[in-house]
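S.K.: sequence and predicted structure are below.
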Amino acid sequence: MFFDATCPFAWVTSRWLLEVEKVRDIQVQWAPMSLGVLNEDNDLDEGYRQMIDATWAPARVCAAVSVEHPDKLGELYTALGTRIHDRGEADKQDPHGYDRIIEAALAEVGLPAELAAAAEVHGSEGGAYDKQLRESHERGISLVGDDVGTPVVQLGERAFFGPVLTRIPRGETAGKLFDAAVTLGTYAHFYELKRSRDEGPKAEYAD
């Protein structure tokens with residue numbers, strides 16, 4: 001799964017996949033992508049641009065961890081996402097709004113505090129791990145095309161954007177949804193199944 005730690009849709013999808021691991025013989029592998037990279041050439045209003053610029057910080061740290069400690073990337077994502085999405089601790093309009101969260105998440109999973117330095121360059125200015133972040137992002141996007149975003153889930157040689165879920169299924173329901181996603185996502189001529197969304201994502205388990 002390619003993820004941006006700040007994306008609420010990616011967060012719900014990622015928690016679903018962890019539920020699937022409990023009931024199906026799969027192991028999730030994590031790879032960073034970036035809402036900052038995705039939107040850097042888009043014409044955005046000032047408020048949304050500020051929010052997107054802030055997302056670079058956790059994405060850069062995830063890229064650094066994917067290079068230096070790849071076995072810890074999933075744990076870091078969980079630590080970041082819990083603070084961002086479950087606890088609402090981030091100030092998403094502040095360029096430094098993720099700094100404290102990043103430091104706490106690194107400490108929680110036993111990673112060197114020095115990795116937080118990857119986030120010190122803000123906005124789209126170049127950072128130490130930008131090359132790796134952009135390469136990972138482009139790998140994900142190349143699998144699904146330019147008109148989608150995060151998350152991207154790859155199943156073997158095929159991949160798709162989503163699934164877009166607004167709640168986290170669990171147990172056998174999570175497994176059945178995964179089976180359906182595999183069936184559709186790996187069929188060479190399947191492209192889209194969509195309906196209008198009337199609720200936002202929440203990191204809550206569905207009944």
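M.R.: Nice, I can see it.

S.K.: so how far is the lowest-mean-pLDDT helix or strand in the chain off the chain centroid?
M.R.: Across the helices and strands of the chain, mean confidence by mean pLDDT, DSSP states H and E is lowest for strand 158-161: a mean of 88. Strand 158-161 sits 14 Å away from the centroid of its parent chain (CA atoms, centre = their mean, to the nearest Å).

S.K.: ok, stretch 192-200 next?
M.R.: How far stretch 192-200 lies from its chain's middle: 19 Å, per CA atoms, centre = their mean.

S.K.: helices of the chain, start to end?
M.R.: Remark: helices assigned in the chain by DSSP state H are 8-23, 35-39, 46-68, 73-81, 99-108, 130-144, 171-185.

S.K.: relative to residue 91, which of these is closest?
M.R.: helix 46-68 (8.0 Å; CB to CB). For glycine as for every other residue, the C-beta is placed from the backbone atoms N, C-alpha and C.

S.K.: list the helices and strands that closest one packs on?
M.R.: With contacts taken as 3 or more CB pairs under 8 Å, 6 or more residues apart in numbering; DSSP states H and E, helix 46-68 sits against strand 31-32, helix 35-39, helix 73-81, helix 99-108, helix 130-144.

S.K.: dump these into TSV; add distance to residue 23 as well.
M.R.: TSV is the format used below for the helices and strands packed on helix 46-68 (distance: least, CB to CB, whole Å):
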stretch	distance to residue 23
strand 31-32	23
helix 35-39	30
helix 73-81	18
helix 99-108	27
helix 130-144	25
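
S.K.: for those, give me TSV that also has distance to residue 159, mean pLDDT and mean neighbour count.
M.R.: Compiled in TSV, the helices and strands packed on helix 46-68 are given as follows (distance: least, CB to CB, whole Å; pLDDT from 0 to 100; neighbours: other CB atoms under 10 Å):
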stretch	distance to residue 159	mean pLDDT	mean neighbour count
strand 31-32	11	98	24
helix 35-39	16	92	21
helix 73-81	18	98	22
helix 99-108	27	97	19
helix 130-144	4	94	18
